[in-house]
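> Fold the stuff below for me.
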Amino acid sequence: MPGRKKLVLAVIDAMKPEMLEQVVAAGRAPALQLLMERGHHTGECVAAFPSVTPVCSASIATGAGPDRHGIPSMNWYHREEERYVEYGTSFKASQAFGFKRSLTDTIYKMNGEHLSRETPTVFESLDDAGVRTAGTTYLMYRGRHRHEVTNETALTRIASVVFKEPVDGPREFFYADLFASRRTGCRSQLGLPGVRDQHAGCVGTYMLEHDLFDFMLFSLPDNDTHSHKYGPDGQVASLAAADQQLERLMHAAGGPDAFLEDHAVIVCSDHSQSAVEDEIDLFKALDGFGVLPASGVRELKAGGTAGIAVCPSSRAAQVYVLDRDQRSELVPRITRTLTGLEGVDLVMHMTDHPDGEAAVRSRRGELRFAPRGHLTDLRGERWSVEGDLDVLALDTSDDRVRSARYPDALGRVWSALRCRTAGEVLASAAPGWEFLDWGRSHHIGGGSHGALHANDSLGSLLWCGTGPDSVDAREQWSLRDIVPMVLDHFGVE
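Alright, predicted model coming up:
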């Protein structure tokens, strides 16, 4: 657009602020170092809750929390269709529900049906304003331009036997090798981990060289996979690899200085990661409630009928009561069971208060809160709070409410519980613990995320050539601030 710099939004999956600082200090991330030196950086950008990729990606793409964008977790129960939705918690979890169904939910239905139509994506807002949009492989891609399945390679021709339907995305769209708005010669081996960042760098460079975008969402997901395996302390190598793809963009423009003359940049984490040392088996703990099997068949083999759907998502989990008439009986029982389970830190649910109220329980006690009252949080929202403040490590001095251990705790829990597709009971794991998924998989010895705890929730946000003149422009940064920054850059309401 004439008079405005082009804008690149780079999302580095699971980038931990401490590890960003470490890789920069080691001299292994020159592109990120340059952006930090010439721009602004905070290591306290708060993720959505649950702090898993689909929920956080939806917040980055819409500027909204799960109460508005409608994506509740990585694994959840679809009440209208009476089945589980699995976006790929692990290979074995997808296998448990069937790979075709899991991939269909992730590739098509997440954007086409699950993501709320009432909440526009950044692509839709910019498309409507005439901004040339572009995106590399990213979970949230919904835009105004129709894209057919490509058949450029043998792999995609095989995949197109199953995946035939077109999708609506940004103007220039490259999703693995399934969708490609142009022939670039770039390959991702259908989104193979370890190849995805290189594919983003390849197509991003192509779009830059051919002047195909005003706004590009540049997704670099491989750091998350690397960190799951080697732990968050192993991110130096994967962040250095992500930085190389940012360097490719800069060099394609003639070097860093020439690139920054014409381009503004926002770089963010979607969430962080923390080390995993032990597992939580929800299926065993909740067996007496009648857990709905992966098949979705309500009649259990041992006799009786399933009473609950259990949805573990790394370091967060949700429990759905299948018969809503039984909520008043089952929610307290489920809450007591989970609160007493080793490794569970927090258990959350809505109470029966007529005006709406949330309850959070832990072994430290119980806290109740609602979005009305005299306490103001760091985001400017007002709350009333009753009970044990230690549950969320809340400080309520000077009529303010804040928590270093659980950043933006009240706003994030409220948004998660008020999501239309969320379960009746939500749980957050204690540091070092992870919920076993439907494939009995875990990341013990590596890293994971999903919890309300700061370890999982505080990511990096840096900007250069756009945005506020200081990090102090906000008392607490959030993923929800990114879309407003992008729209403001282009003068879009």
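> In the stretch 1-150 of the chain, where is pLDDT below threshold?
The stretch 1-150 of the chain contains residues with pLDDT under 70 at 1-3.
> just so I have it, where are all the helices in it?
Listed in chain order, the helices of the stretch 1-150 of the chain (DSSP state H, counting those that start in this stretch) span 17-25, 30-38, 53-62, 66-69, 91-97, 99-104, 122-128.
> Pipe the ones you listed into TSV and attach distance to His489 and mean neighbour count per row.
C-beta here means a position set from N, CA and C on the backbone, and glycine is covered the same way. What follows is those, written out as TSV (distance: least, CB to CB, whole Å; neighbours: other CB atoms under 10 Å):
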stretch	distance to His489	mean neighbour count
helix 17-25	23	19
helix 30-38	15	19
helix 53-62	15	29
helix 66-69	21	22
helix 91-97	37	18
helix 99-104	34	16
helix 122-128	10	22
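> which one of these lies closest to Phe369?
helix 66-69 (15.0 Å; CB to CB).
> So which elements touch that closest one?
Here helix 66-69 touches helix 53-62, helix 409-417, going by 3 or more CB pairs under 8 Å, 6 or more residues apart in numbering; DSSP states H and E.
> how long is stretch 400-409 end to end?
13 Å (CA to CA, to the nearest Å).
> Residues contacting that stretch, please?
With contacts defined as CB atoms under 8 Å, 6 or more residues apart in numbering, stretch 400-409 is touched by 44, 46, 346, 375-379, 383, 385, 392-395, 410, 452-454, 457-458, 476, 478.
> Nearest to Val483 among the helices and strands packed on helix 66-69 would be which one?
Closest among those, using CB to CB: helix 53-62, at 6.4 Å.
> and the closest one with helix 409-417, angle?
Helix 53-62 and helix 409-417 are oriented at 100 degrees to each other (axes from the mean of the first three to the mean of the last three CA atoms, to 10 degrees).
> Setting aside sequence neighbours, what's the nearest residue to the residue most central in space within the chain?
Central residue of the chain (CA atoms, centre = their mean): Cys56, 2.3 Å from the mean position. Nearest non-adjacent residue to Cys56, counting by CB to CB, 6 or more residues apart in numbering: Asp270, 3.9 Å away.
> ok, now Tyr77?
Nearest non-adjacent residue to Tyr77 (CB to CB, 6+ apart): Ala309, at 3.8 Å.
> thinking again about what came up before, would you convert the helices of the stretch 1-150 of the chain into TSV that also reports distance to Thr205?
Putting these into TSV (distance: least, CB to CB, whole Å) gives the following:
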stretch	distance to Thr205
helix 17-25	22
helix 30-38	13
helix 53-62	22
helix 66-69	31
helix 91-97	31
helix 99-104	28
helix 122-128	20
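> now for these, which one comes closest to Trp433?
Nearest of those (CB to CB): helix 91-97, 17.7 Å.
> That closest one - contacts with which helices or strands?
By 3+ CB pairs under 8 Å, 6+ apart, helix 91-97 packs against strand 83-86, helix 99-104.
> same thing but 10 Å
strand 75-78, strand 83-86, helix 99-104 (3 or more CB pairs under 10 Å, 6 or more residues apart in numbering; DSSP states H and E).
> For Ser328, find the nearest of those.
It's strand 75-78; of those, that one is closest to Ser328 (CB to CB) at 19.2 Å.
> picking up where we left off before, so for Ala294, which of the helices of the stretch 1-150 of the chain sits nearest?
helix 91-97 (4.7 Å).
> Run through who's touching that closest one.
With contact meaning CB atoms under 10 Å, 6 or more residues apart in numbering, helix 91-97 is reached by 74-75, 83-90, 99-103, 105-106, 293-296, 312-313, 436-441.
> If any of these are buried, put those into a ChimeraX selection.
Per 16 or more other CB atoms under 10 Å, the buried members of these correspond to this ChimeraX selection:
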select :74,75,83,84,85,86,87,88,89,90,102,103,105,106,293,294,312,313,436,437,438,439,441
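> need the contact list for the residue nearest to the centre of the chain.
11, 13-14, 47-50, 66, 71, 139-140, 268-271, 449-450, 457, 459, 479.
> May I see the buried residues of the strand or helix carrying Leu217?
Under the criterion of DSSP states H and E, Leu217 resides in strand 215-220. Residues of strand 215-220 classed as buried by neighbour count (16+ other CB under 10 Å): 215-220.
> Buried residues of the helix or strand just after that strand, list them for me.
Using DSSP H and E, the helix or strand that directly follows strand 215-220 along the chain is helix 222-230. Neighbour-count burial for helix 222-230, with 16+ other CB under 10 Å as criterion, is recorded at 222-228, 230.
> What is the longest strand of this structure by residue count?
Criterion DSSP state E: the longest strand present in the chain is strand 365-377.
> Given that strand, what are its sheet partners and their directions?
strand 358-362 (antiparallel), strand 382-387 (antiparallel), strand 400-401 (parallel) (DSSP bridges).
> Adding mean neighbour count and distance to Pro431, write those out as CSV.
Formatted as CSV, the strands paired with strand 365-377 follow (neighbours: other CB atoms under 10 Å; distance: least, CB to CB, whole Å):
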stretch, mean neighbour count, distance to Pro431
strand 358-362, 23, 13
strand 382-387, 16, 23
strand 400-401, 19, 22
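> Reformat these as CSV; add distance to Ile334 and mean pLDDT.
Formatted as CSV, the strands paired with strand 365-377 follow (distance: least, CB to CB, whole Å; pLDDT from 0 to 100):
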stretch, distance to Ile334, mean pLDDT
strand 358-362, 11, 98
strand 382-387, 19, 97
strand 400-401, 27, 97
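> which residues are contacting stretch 382-396?
345-347, 357-377, 399-406, 409-411, 413-414, 452-454.
> meant to ask about stretch 320-333
By CB under 10 Å, 6+ apart, stretch 320-333 touches 72, 76-79, 82, 84, 286, 288-290, 292, 298, 305-311, 319, 334, 349-352, 359, 361, 421-425.
> Just the buried subset of these, please.
By 16+ other CB under 10 Å, these give 72, 76-78, 84, 286, 289-290, 292, 306-311, 319, 334, 349-350, 359, 361, 421-425 as buried.
> Now do the longest strand of the chain: distance to the chain's middle.
25 Å (CA atoms, centre = their mean, to the nearest Å).
> Could you give me the buried positions within it?
367-371, 375, 377.
> now stretch 389-397
Neighbour counts over stretch 389-397 (16+ other CB under 10 Å) mark 389, 391-392, 394 as buried.
> Serialize the residues you listed to a markdown table and add fields for secondary structure, pLDDT and distance to Glu124.
Listed next are the buried residues of stretch 389-397 as a markdown table, based on DSSP: H, G, I helix; E, B strand; the rest coil; pLDDT from 0 to 100; distance: CB to CB, whole Å:
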| residue | secondary structure | pLDDT | distance to Glu124 |
| --- | --- | --- | --- |
| Leu389 | helix | 98 | 41 |
| Val391 | helix | 98 | 39 |
| Leu392 | helix | 98 | 35 |
| Leu394 | coil | 98 | 37 |
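> Just give the strands next to the strand holding Leu217 in its sheet, each with its orientation.
Sheet partners by DSSP bridges: for strand 215-220, these are strand 6-12 (parallel), strand 133-135 (parallel).
> That concludes my questions; thank you for your assistance.
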